[in-house]
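Enquirer: Just the structure for this:
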Amino acid sequence: MAPEALLRRAFEAAVAAADPRRVLPAHLPRPPAGGRIVVVGAGKSAAPMAAAVEEAWNHLPLSGLVVTRTGHAVPTRRIEVVEASHPVPDAAGEAAARRILSLVSGLAAEDLVLALISGGGSALLSLPAPGLTLADMQAVNRALLASGATIHEMNCVRKHLSAIAGGRLAAAAFPARLVALAISDVPGDDPSVIASGPTVPDPTTFAEARAILARYRIAPPEAVAAHLAAAAEETPKPGDPRLSRQEFRLIATPALALSAAARAAPVPAMILGDSIEGEAREVGRVLAGIALSVHAHGQPGRPPLLLLSGGETVVTIRHAAPGRGGRNSECLLGFALALERAGAAPIHALMADTDGVDGAGPHAGAWCGPGTLPAARAAGQDPAGALARHDSAAVFAAAGTLVETGPTLTNVNDFRAVLVG
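Expert: Take a look at the predicted model:
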């Protein structure tokens, strides 16, 4: 099998393993004997998750609302789907979050709230805390996205600017029973980080949120600074009685997706980890070093070998006018440049986001081999210069190696596959 075809097969297997239409039905709870069923949710997978609930429970009366990224909706009959902006929140997401909070309020103990949670929910479920505006949240989101902060750090801040994240959705639903079905897109699968944990206790604090902004030298709007300093109402913490009737079930994770990719590969595969974080280009260089060790020394395995990894890298914007790219294509460009400096080797790689959108998109990521950078240069590209200005997608577009899938309607984060021949 050609290297590109092998890498694409592994990526497709990883995405398929996290398809909510396949995995969700087995995790549905027992429906209530006589109470209402209210379905709410947010994330890039919210619409197909809602459709899967409707199909599995086609004989039950249910209603609700989920919000997903623009372009990620699918047809539903009883659960309304709203599209909103990601990664920077917009008015559509704010209005949807307000309606969701209203839908779960005032329910009885015999009612069931089914919360469908997936990656992207932090931006999509954007309801500012009292005293804050959507513009305040947008400004902080943009600054965090450019800062190099990890997803754990970003969501700590977001939770403390929100009226619905950090357990507040579950608190509003009490005393109804709440069951969250979640697709993890975060390193470590921490429920309090996935979509900023709207249904689970939040262990973080206002003090931590202030420290994160200070660490990355982010000067927030005055209203945000005042809100964080006042720390008037903390997020619900472990042991809060309002969260005593919530349950959290993971239905798809990065680890499961990587395992599926390994099974689909026609060569031996090694999973390096499902929660690798760091600056994207630096992670690429590390992966290049591991691949070269396999090629030259047979360590940590002998070729042919497929090295798989997941997690979430970051890109710290250092250029005033960044180009077109994303963390996966930037990781791949760092990888390719590091390999080139070490000399030619029979090594190929594919790095892409499992949601089908890397950065601004519309590509999911890209693949490369020994001839990719020479082809890009022949087309007029300067790969090292492109990396410096975060214009990685232009390099792979010139070489003809972008991976374009369109929205996959799931999200278990970054997928990286390195094939050492």
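Enquirer: all contacts plus neighbour counts: C-alpha atoms, from now on.
Expert: Fine.
Enquirer: CA atoms only: put stretch 224-233 into CSV for me.
Expert: Listed next in CSV are the C-alpha coordinates belonging to stretch 224-233 (Å, rounded to 0.1, in the frame of the first residue of the first chain):
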residue,chain,number,x,y,z
VAL,A,224,-13.5,41.2,32.9
ALA,A,225,-10.7,42.3,35.3
ALA,A,226,-13.3,43.6,37.8
HIS,A,227,-15.4,40.4,37.5
LEU,A,228,-12.4,38.2,38.1
ALA,A,229,-11.2,40.4,41.0
ALA,A,230,-14.6,40.4,42.7
ALA,A,231,-14.9,36.6,42.5
ALA,A,232,-18.5,37.1,43.7
GLU,A,233,-19.8,33.6,42.9
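Enquirer: now that stretch: how far from the chain's centre is it?
Expert: 28 Å (Cα atoms, centre = their mean, to the nearest Å).
Enquirer: Stretch 152-159 too?
Expert: Averaging C-alpha positions (Cα atoms, centre = their mean) puts stretch 152-159 14 Å from its chain's average.
Enquirer: for that stretch, which positions count as buried?
Expert: Buried residues in stretch 152-159, counted by 16 or more other Cα atoms under 10 Å: H152, E153, M154, N155, C156, V157, R158, K159.
Enquirer: try stretch 215-223
Expert: P220.
Enquirer: Just the residues contacting that stretch, thanks.
Expert: Residues outside stretch 215-223 that contact it (Cα atoms under 8 Å, 6 or more residues apart in numbering) are G131, L132, D136, A139, V140, A143, L144, S147, A149, L213.
Enquirer: Run the chain-centre distance for that stretch.
Expert: 24 Å.
Enquirer: pLDDT averaged over that stretch, what's the number?
Expert: For stretch 215-223, mean pLDDT is 97.
Enquirer: circling back: and of the buried residues of stretch 152-159, the nearest to S259?
Expert: H152 (24.1 Å; Cα to Cα).
Enquirer: For S122, see how far away the closest residue to T150 other than its chain neighbours is.
Expert: Spatial nearest neighbour of T150, chain neighbours left out: V314 (6.8 Å); criterion: Cα to Cα, 6 or more residues apart in numbering. Taking Cα to Cα, to the nearest Å as the measure, V314 falls 17 Å from S122.
Enquirer: Next, the residue lying closest to Q246 once chain neighbours are set aside: phi, psi?
Expert: Of all residues not flanking Q246 in the chain, L178 sits nearest, at 4.6 Å (Cα to Cα, 6+ apart). Main-chain torsions, L178, degrees, to the nearest 10: phi -130, psi 130.
Enquirer: Surely L178 touches V113?
Expert: Yes: the criterion here is Cα atoms under 8 Å, and L178 meets it with V113 at 4.6 Å.
Enquirer: Neighbour count for the two, which is higher?
Expert: The neighbour count for L178 versus V113, taken as other Cα atoms under 10 Å, is higher for L178 (28 against 24).
Enquirer: can you pull the pLDDT of the more buried one?
Expert: With respect to pLDDT, L178 has a value of 98.
Enquirer: List the contacts of it.
Expert: L178 makes contact with L112, V113, L114, A115, A170, R245, Q246, E247, according to Cα under 8 Å, 6+ apart.
Enquirer: Within the sheet, what are the partner strands of whichever strand or helix holds L306, with directions?
Expert: Element membership for L306, per DSSP states H and E: strand 305-314. Sheet pairing of strand 305-314 (DSSP bridges) gives strand 269-279 (parallel), strand 414-420 (antiparallel).
Enquirer: which other residues reach the shortest one?
Expert: Residues external to strand 414-420 that are found in contact with it (Cα under 8 Å, 6+ apart): 3, 7, 10-11, 258, 291, 294-295, 303-313, 328, 346-354.
Enquirer: Just the buried residues of those residues.
Expert: Taking 16+ other Cα under 10 Å as the criterion, what is buried in those is 3, 7, 10-11, 258, 291, 294-295, 303-313, 328, 347-354.
Enquirer: how far is the longest helix seen in the chain from where the chain is centred?
Expert: Longest helix of the chain, by residue count under DSSP state H: helix 280-297. Computed by Cα atoms, centre = their mean, the chain-centroid distance of helix 280-297 equals 24 Å.
Enquirer: How about stretch 159-171?
Expert: Worked out by Cα atoms, centre = their mean, stretch 159-171 lies 19 Å from the chain centre.
Enquirer: Residues contacting it, please?
Expert: Stretch 159-171 has contacts (Cα under 8 Å, 6+ apart) with 97, 101, 104, 122, 125-130, 132, 137, 158, 178, 192, 195-202, 205-206, 209, 224, 227-228, 234-236, 242-243, 246.
Enquirer: Which of the residues you listed fall within strands?
Expert: The strands, defined by DSSP state E, take in L178, Q246 from those.
Enquirer: Please convert the buried members of the contacts of stretch 159-171 into PyMOL selection syntax.
Expert: Listed next is the PyMOL selection for buried residues among the contacts of stretch 159-171, using 16+ other Cα under 10 Å:
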select buried, resi 97+101+104+122+125+126+127+128+129+132+137+158+178+192+195+196+197+198+199+200+201+202+205+206+209+224+227+228+235+236+242+243+246
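Enquirer: domain parsing for this protein?
Expert: 3-12+255-420, 21-252 (automatic domain parsing).
Enquirer: how long is the longest one end to end?
Expert: Which is domain 21-252. End-to-end for domain 21-252, by Cα to Cα: 11 Å.
Enquirer: Most neighbours among the contacts of L178, which one?
Expert: Top of those by neighbour count (other Cα under 10 Å): A170, with 33 neighbours.
Enquirer: That one: which element?
Expert: Assigned by DSSP H and E, A170 belongs to helix 168-173.
Enquirer: For T410, which non-adjacent residue is spatially closest?
Expert: Nearest to T410 is S45, by Cα to Cα, 6+ apart, at 4.8 Å.
Enquirer: What is the neighbour count of that neighbour?
Expert: By other Cα under 10 Å, neighbour count at S45 equals 34.
Enquirer: pretty sure it contacts T70?
Expert: No: between S45 and T70 there is no contact, the gap being 11.5 Å when judged by Cα under 8 Å.
Enquirer: Do a quick rundown of the strands in the stretch 251-400 of the chain.
Expert: Taking DSSP state E, counting those that start in this stretch as the test, the strands found in the stretch 251-400 of the chain are 269-279, 305-314, 347-353, 365-368.
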